[in-house]
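Peer 1: this one's structure only:
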């Protein structure tokens, strides 16, 4: 009987917290599908990217990400890991390409076996471009009017608000395809300008003002205490 009472209390508390968080999301002008928009923004996050937002950021963060080691049993990490690039070339872009192509064929490339070399490059540079766009919103809007501690607590409770589950969805689909959005729509192989037009449309799907604002708020909360 006591166990039943405790379980009932826990469920009631969780439901009340969820309702409270949903109220905070609405009053803070966050999207109803923020779990999706944020999961897309962070699923490939790493420490080096977090340091765009706070140079003191480390791997001791609470940003769930797809495990770069696709052979591991733990497919989603509860943190964004370090993922440094080399310096053999003179430009950052060429060093990124070098890292991507040098890891093709091993299980630590973060994407799985279904992505062609050009698709891997497109995905990687897309994420860097998206983070740059989020950073602009972060600086111009969120840092000027930062989220409250209560909102941050809700956003960082990723296993309750659905963000962790959405990152897991991305991870699961890396093992079977090349998901560009979380909409579960098929996408052609990137082989020519026609297929690129479809990829480009999908890659830009989460560049809306609302999606960028969702992600900027989450990243503010994730990095503010370093």
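Peer 2: In hand now; what should we look at? The shown structure was predicted, so the numbers you read here are calculated from the model rather than taken from an experiment.
Peer 1: Is there a neighbour count for residue 146? I'd like the number.
Peer 2: Other residues lying near residue 146 total 15 when counted by other Cβ atoms under 10 Å. In this view, the C-beta of every residue, glycine as well, is placed from N, C-alpha and C.
Peer 1: Pull the contacting residues for it.
Peer 2: The neighbours of residue 146, taking Cβ atoms under 8 Å, 6 or more residues apart in numbering as the test, are 220, 224.
Peer 1: pLDDT score assigned to it?
Peer 2: Looking at residue 146, its pLDDT stands at 97.
Peer 1: quick one: residue 218 and residue 224, what's the gap?
Peer 2: 11 Å (Cβ to Cβ, to the nearest Å).
Peer 1: most centrally placed residue in this protein?
Peer 2: With distances taken as Cα atoms, centre = their mean, residue 42 lies nearest the centre of the chain, 1.4 Å away.
Peer 1: Surely that residue and residue 217 touch.
Peer 2: No. Using Cβ atoms under 8 Å, residue 42 makes no contact with residue 217, being 12.0 Å away.
Peer 1: Could you pull up the residues touching residue 51?
Peer 2: Contacts for residue 51 (Cβ under 8 Å, 6+ apart) come out as residue 57.
Peer 1: can you give me the helices for the protein?
Peer 2: Taking DSSP state H as the criterion, the chain carries its helices at 2-27, 34-42, 47-50, 92-102, 117-137, 149-156, 158-161, 163-174, 193-203, 209-223.
Peer 1: which residues of this protein score low on pLDDT?
Peer 2: Under the criterion pLDDT under 70, the flagged ranges of the chain are 1-19.
Peer 1: could you redo the last one with a cut-off of 90?
Peer 2: Within the chain, the segments meeting pLDDT under 90 span 1-19, 70-71, 105-113, 175-177, 179-186.
Peer 1: since we're on the closest residue to residue 147 other than its chain neighbours, how many residues are nearby?
Peer 2: Closest residue to residue 147 apart from its sequence neighbours, by Cβ to Cβ, 6 or more residues apart in numbering: residue 217 at 5.1 Å. Using other Cβ under 10 Å as the criterion, residue 217 is surrounded by 26 other residues.
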